[in-house]
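Colleague: task: produce atomic coordinates for the following.
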Amino acid sequence: MLTPTVTESPNHLEPTGADQVTDRGPELSRERRTRELDHRRADGIDVRLLWSQPGERVLLAVSDSNTGDAFSLEVEP
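Modeller: Model prediction:
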């Protein structure tokens, strides 16, 4: 029996530009202190785990570059 091997290594990247999920407009300017904890991409779908310093919230942000759809969910403590 073969054991599957994991070939994907996690990327720990800081955002380098505007992001439709974290940069949603001037009303959220004080919440821009958001750090990306992890990021995965497959078939045009981006899934990000974000930590927002104000309020110490953790968010799961999903965006689909094929359809332009995006949403985020706050992760329960």
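Colleague: for the protein, just list every one of the strands.
Modeller: Here the chain has its strands, by DSSP state E, at 34-42, 45-52, 57-64, 70-74.
Colleague: will you turn those strands into TSV that also has mean neighbour count and mean pLDDT?
Modeller: For the C-beta atoms, the positions are set from N, CA and C on the backbone; glycine is no exception. Below are these laid out as TSV (neighbours: other Cβ atoms under 10 Å; pLDDT from 0 to 100):
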stretch	mean neighbour count	mean pLDDT
strand 34-42	14	94
strand 45-52	17	94
strand 57-64	16	94
strand 70-74	12	95
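Colleague: what are the bridge partners for the closest residue to Asp69 other than its chain neighbours, then?
Modeller: Using Cβ to Cβ, 6 or more residues apart in numbering and skipping the chain neighbours, the partner closest in space to Asp69 is Ser63 (7.2 Å). For Ser63, the beta-bridge partners are Asp46, Ala70 (DSSP bridges).
Colleague: could you check how far Ser63 is from Ala70?
Modeller: 4 Å (Cβ to Cβ, to the nearest Å).
Colleague: Arg33 too?
Modeller: Separation of Arg33 from Ala70 (Cβ to Cβ) stands at 20 Å.
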